[in-house]
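In: With the input below, show me the fold.
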Amino acid sequence: MARLEFWFEYASSYSYPATFAVGEACRAAGVELVWKPFILGPIFAAQGWNTSPFNLYPAKGKYMVRDLERICEKAGLPFRLDPDMNWPQFSIAAARIGLIGAREGWVEDFSKRLYALEFGDNLDISKEETLRQALDGVADADRVLAESRKRETKDALRAQVGDAVAAGIFGAPTYRVGDEIFWGGDRLDDALAWAITNTL
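Out: As a prediction, this is how the structure comes out:
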């Protein structure tokens, strides 16, 4: 069966609409989807960046906001960034929960709920109450939050970032098929076609 890895970051604005598209697209194409939540902070830091390139280059940041408004409008998703809120948001706790969800099979539902709270309602995803709201009806919040704070989960996220670096991943969202990477939400169709065509 063809297989596609979806590498995404909860602080990544472009990962938001991609998360709402990738599951349905892979199911329709008969491609196995592997969810890979990770964080970009260490990857950016290795380039000498202390924040998102959308903050470092204001024209690029202005374009990103307008581009996401168009993309989300087309997809029927709300999108807004509160100018008074620190962006990108602190996403380590969310990523640790995402790792647990990927292992247990509820990462898609959790991720959609969390992104909607983040980019639809402008809630802070580093706050426990927001994470609990995203987990409501998806998984037991007390158990998951406790597990997310364990050393094993923290180490697993570090390993996930290491795997991303080793694969040559530098941004989110990224689709990976074998050793091929496709960066950007708009590359989903190309990644799926590659997965199908190159599966023996």
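In: alpha carbons only for contacts and neighbour counts from here, please
Out: OK.
In: per-residue confidence averaged over stretch 128-148?
Out: For stretch 128-148, the mean per-residue pLDDT is 98.
In: what residues does that stretch touch?
Out: 93-94, 96-97, 100, 106, 109-111, 113-114, 117, 123-125, 153-154 (C-alpha atoms under 8 Å, 6 or more residues apart in numbering).
In: out of those, which are inside helices?
Out: Using DSSP state H, the subset of the contacts of stretch 128-148 located in helices is 93, 94, 96, 97, 100, 109, 110, 111, 113, 114, 153, 154.
In: same for the helix ranked longest in the chain, what does it pack against?
Out: Counting by DSSP H, the longest helix found in the chain is helix 58-75. In this structure, helix 58-75 makes packing contacts with helix 15-29, helix 53-56, judged by 3 or more C-alpha pairs under 8 Å, 6 or more residues apart in numbering; DSSP states H and E.
In: What is the burial count for residue 18?
Out: Per other C-alpha atoms under 10 Å, the neighbour tally for residue 18 reads 24.
In: ok, it - contacts?
Out: Contacts of residue 18 by C-alpha under 8 Å, 6+ apart are 173, 185.
In: Let the chain start at 58 from now.
Out: Understood, numbering begins at 58; the last thing we discussed is residue 75.
In: what separates it from residue 81, distance-wise?
Out: For residue 75, the distance to residue 81 (C-alpha to C-alpha, to the nearest Å) stands at 11 Å.
In: How about residue 136?
Out: Distance of residue 136 to residue 81, computed by C-alpha to C-alpha: 21 Å.
In: repeat for residue 170
Out: From residue 170 to residue 81 the distance is 16 Å (C-alpha to C-alpha).
In: got the contact list for residue 135?
Out: Neighbours of residue 135 in contact, by C-alpha under 8 Å, 6+ apart: 129, 173, 176, 177.
In: Most neighbours among those, which one is it?
Out: Neighbour max across the contacts of residue 135 (other C-alpha under 10 Å) = residue 176, 22 neighbours.
In: Quick check: pLDDT value at residue 145.
Out: pLDDT, read off for residue 145, is 81.
In: Residue 140 too?
Out: So, for residue 140, pLDDT stands at 68.
In: same deal with residue 164?
Out: At residue 164, pLDDT is 98.
In: Just checking, which helix or strand of the protein averages the lowest pLDDT?
Out: When the helices and strands of the chain are scored by mean pLDDT, DSSP states H and E, helix 110-113 comes last with a mean of 64.
In: Would you tell me which one of the helices and strands packed on helix 115-132 is buried the most?
Out: helix 72-86 (a mean of 18; mean count of other C-alpha atoms under 10 Å).
In: Tell me which helix or strand comes right after it.
Out: strand 89-94 (DSSP states H and E).
In: buried sites along that following strand?
Out: 90, 91, 92, 93, 94 (16 or more other C-alpha atoms under 10 Å).
In: With pLDDT and distance to residue 196 as added columns, please give those residues in JSON lines.
Out: Converted to JSON lines, those look like this (pLDDT from 0 to 100; distance: C-alpha to C-alpha, whole Å):
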{"residue": "90", "pLDDT": "98", "distance to residue 196": "20"}
{"residue": "91", "pLDDT": "98", "distance to residue 196": "19"}
{"residue": "92", "pLDDT": "98", "distance to residue 196": "17"}
{"residue": "93", "pLDDT": "98", "distance to residue 196": "18"}
{"residue": "94", "pLDDT": "98", "distance to residue 196": "17"}
